[in-house]
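**Q** I would like the atomic coordinates for the input below:
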Amino acid sequence: MYYRKFENDGSKSGRGRLAHALKAHAFSTALAVIICSACVSGLRAYFVAASHKQSSQIGHENLERVGLRPEQRAARQEIAQAAPMRLPFEPRVSAAVLAGAKYSKLRANSSYPDDLWRNVTVRVGDNLSLIFNRVGASRSDLQQVLDTDKNAGVALTKLEPGQVTRFRFEQSKLLEFIYEQDYLTSLRLVLDGPHSNANWIKSKPEIRVASAVAEINHSVFIDGQKAGLLDKTIMEFINVFGWDVDFLRDLQRGDRFSIVFEELYKDGEKIGNGKILAAEFVNNGKQLRALHYQNESGVAGYFSDKGEAMRKAFLRTPVNFTRISSRFSLARKHPILNRIRAHKGVDYSAPMGTPIQAVADGKAEFVGWQGGYGRVVVLKHGATYSTLYGHMSRFARGLRTSSSISQGQTIGFVGKTGLATGPHLHYEFRVDNQHRDPLTVKFPNSLPLDGKFKDDFQRKSSAMLARLDSLRETPSTEDKSLVAKAELIHKPFRQPN
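**A** Presented below is the predicted three-dimensional model:
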């Protein structure tokens, strides 16, 4: 508008004022650009100087912490000081590398002490090339590692944050590389030209027995965590008793459970929990017990104190649901049709896309669209039982009519196809083609342990039953006694830096 005012003025003085305004605008724009450039240059110089100072401090601090000999300390000090300056947002070399490794630019001018190991922990965004560059290993070293074993090369392309890699140099030459996939599995590569070899090393952990007792006040997970249990162990506990207890509907405040389980140790450090050895759950005054049993004939699993398998023929629920939105009823008013109509199943409300599991082994009798059911799957379990799963959003990949189905296998996902007001699973249970209430139907009994194993089962389980009895009297106990001594297939390769 300002320029237009001058343009509308046809006088000579108007054109002069317009030219003067344009010159002033150009001058102010150029001045702003110069000031911004000066600010950016100043900030960069400040960050570089601060970064260099911090790098030097880190180098000095770590030299003291590592405890090298005076001559080694002096050499490392020169390396730390020679490290290139970097901005704060650039990758920073770890303290261990600053104290024990040299940069590739200095590689030809100095040498490593013999048998010097360096550890590098994989960080987010890392790959093998970045890690090798970080410790000063050459591209030929990297290629030799990848060429030593193809399977090893594939494993090394799947690095995850927190994993550890180890390097051993001798006279600036990489002699050995170790990749610790987890606490018990490592890949060791010995690099010797055509004689290079790769070996997977599996260690057996030290196993100790521990126990925990909890009372239900909030949920199995919250109260189990308060008792010191890991989520993995709590989930295993739920899976063991999930055949008899619906953990979403049957829990009562004051219910109590006790668990005897394995703890895994390596080099005196706990690395996780093993399997549950024995467990007891008192639900609404009813006591349930489970014991892990395994013999030389290949029988392995959880059995009740009477020798009956905990694993039942049918799961109690086919989906992890939020709530039961509609129960089994022969006279229910349909929410869409608005008339009385039998509801011969149970509706489990759950988020869209929640996986749906087959409650038992069987075959897919029907997979497709069926009227008000929408996308539906009907499974046949032998000659007597069948189940129906309706309103699915989609079927599991590869599921077809006559497909063989395993218990717990995902067959589809929660949706709202057909006559449905929201995402849920409509589940029906049929016995000889007669509908039964899935919440109250009595499932067939599980098969008992073979009679020839009964004596062995009672002998092996007696100690665990006594342990469960003792936990009733003691609120919480923990036994750190060693029950299985650690056996290492390979001698530990950890060496002090």
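**Q** mind checking how far F177 is from S138?
**A** From F177 across to S138, the span is 13 Å (Cβ to Cβ, to the nearest Å). All C-beta atoms are positioned from the backbone trio N, CA, C, and that covers glycine.
**Q** Can you pick out the residue with more neighbours from those two?
**A** A side-by-side neighbour count of F177 and S138, using other Cβ atoms under 10 Å, places F177 first with 26 against 15.
**Q** In space, what's closest to that one - neighbours in sequence excluded?
**A** Sequence neighbours aside, L189 is the residue nearest to F177 in space, at 4.7 Å (criterion: Cβ to Cβ, 6 or more residues apart in numbering).
**Q** Would you agree that neighbour is in contact with G153?
**A** No: assessed by Cβ atoms under 8 Å, L189 is found out of contact with G153, at 10.1 Å.
**Q** Could you check how many residues crowd around the closest residue in space to P355 that isn't next to it in sequence?
**A** Ranked by Cβ to Cβ, 6+ apart and with sequence neighbours excluded, the top spatial neighbour of P355 is T410, at 4.6 Å. Using other Cβ under 10 Å, T410 has 14 other residues around it.
**Q** what do you get for V359?
**A** Counted with other Cβ under 10 Å, residues neighbouring V359 total 27.
**Q** Double-check that it belongs to a strand.
**A** No: going by DSSP: H, G, I helix; E, B strand; the rest coil, the assignment for V359 is coil, not a strand.
**Q** for it, phi and psi?
**A** phi -80, psi -10 (degrees, to the nearest 10).
**Q** Now do the strands in the stretch 251-400 of the chain.
**A** 256-266, 269-283, 286-294, 300-303, 323-326, 329-333, 340-343, 346-349, 355-357, 362-369, 375-381, 385-395 (DSSP state E, counting those that start in this stretch).
**Q** could you say what helices and strands the fourth one packs with?
**A** If you count contacts as 3 or more Cβ pairs under 8 Å, 6 or more residues apart in numbering; DSSP states H and E, strand 300-303 packs onto strand 286-294.
**Q** Please name every helix or strand in contact with the strand it packs on.
**A** helix 231-241, strand 269-283, strand 300-303, helix 454-473.
**Q** Quick one: closest of the ones you listed to L142.
**A** strand 269-283 (29.5 Å; Cβ to Cβ).
**Q** Report the mean per-residue pLDDT for the closest one.
**A** Taken as a whole, strand 269-283 has an average pLDDT of 91.
**Q** Partner strands of that strand, with direction?
**A** strand 256-266 (antiparallel), strand 286-294 (antiparallel) (DSSP bridges).
**Q** Put the alpha carbons of the first one into CSV.
**A** I take that to be strand 256-266. Extracted in CSV, the C-alpha atoms of strand 256-266 (Å, rounded to 0.1, in the frame of the first residue of the first chain):
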residue,chain,number,x,y,z
ARG,A,256,-3.3,-64.5,47.5
PHE,A,257,-0.6,-66.1,45.4
SER,A,258,2.8,-67.6,46.1
ILE,A,259,5.5,-68.3,43.5
VAL,A,260,8.7,-70.3,43.6
PHE,A,261,10.9,-69.5,40.6
GLU,A,262,14.4,-69.6,39.2
GLU,A,263,16.7,-66.6,39.1
LEU,A,264,19.5,-66.6,36.6
TYR,A,265,23.0,-65.2,37.4
LYS,A,266,26.2,-64.8,35.4
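**Q** what angle do it and helix 454-473 make?
**A** 110 degrees (axes from the mean of the first three to the mean of the last three Cα atoms, to 10 degrees).
**Q** And the shortest one, by the same measure?
**A** The directions of strand 286-294 and helix 454-473 differ by 130 degrees, with the same axes, to 10 degrees as the criterion.
**Q** Run through who's touching strand 286-294.
**A** 240-241, 244-245, 275-282, 299-305, 310, 449, 453, 457, 460-461, 464-465, 468 (Cβ atoms under 8 Å, 6 or more residues apart in numbering).
**Q** hmm, 7 Å instead?
**A** 240-241, 244, 275-281, 300-305, 310, 457, 460-461, 464, 468 (Cβ atoms under 7 Å, 6 or more residues apart in numbering).
**Q** ok, now stretch 189-203?
**A** For stretch 189-203, the surrounding residues in contact (Cβ under 7 Å, 6+ apart) are 144-145, 148-149, 152, 174-177, 184-188, 266, 488-490.
**Q** Could you identify the helix or strand that succeeds whichever strand or helix holds V213?
**A** In the assignment (DSSP states H and E), V213 maps to strand 206-215. For strand 206-215, the following helix or strand on the C-terminal side (DSSP H and E) is helix 220-226.
**Q** What segments of the stretch 51-200 of the chain are strands?
**A** 116-121, 164-170, 173-180, 185-190, 197-202.
**Q** Tabulate the ones you listed (JSON lines), appending mean pLDDT and distance to D223.
**A** Formatted as JSON lines, the strands of the stretch 51-200 of the chain follow (pLDDT from 0 to 100; distance: least, Cβ to Cβ, whole Å):
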{"stretch": "strand 116-121", "mean pLDDT": "84", "distance to D223": "35"}
{"stretch": "strand 164-170", "mean pLDDT": "88", "distance to D223": "35"}
{"stretch": "strand 173-180", "mean pLDDT": "87", "distance to D223": "35"}
{"stretch": "strand 185-190", "mean pLDDT": "88", "distance to D223": "33"}
{"stretch": "strand 197-202", "mean pLDDT": "87", "distance to D223": "36"}
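**Q** V359 is nearest to which of those strands?
**A** strand 185-190 (35.3 Å).
**Q** Give me the sheet partners of that closest one and which way each runs.
**A** strand 173-180 (antiparallel), strand 197-202 (antiparallel).
**Q** a markdown table for those, including distance to F261?
**A** Formatted as a markdown table, these follow (distance: least, Cβ to Cβ, whole Å):
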| stretch | distance to F261 |
| --- | --- |
| strand 173-180 | 25 |
| strand 197-202 | 22 |
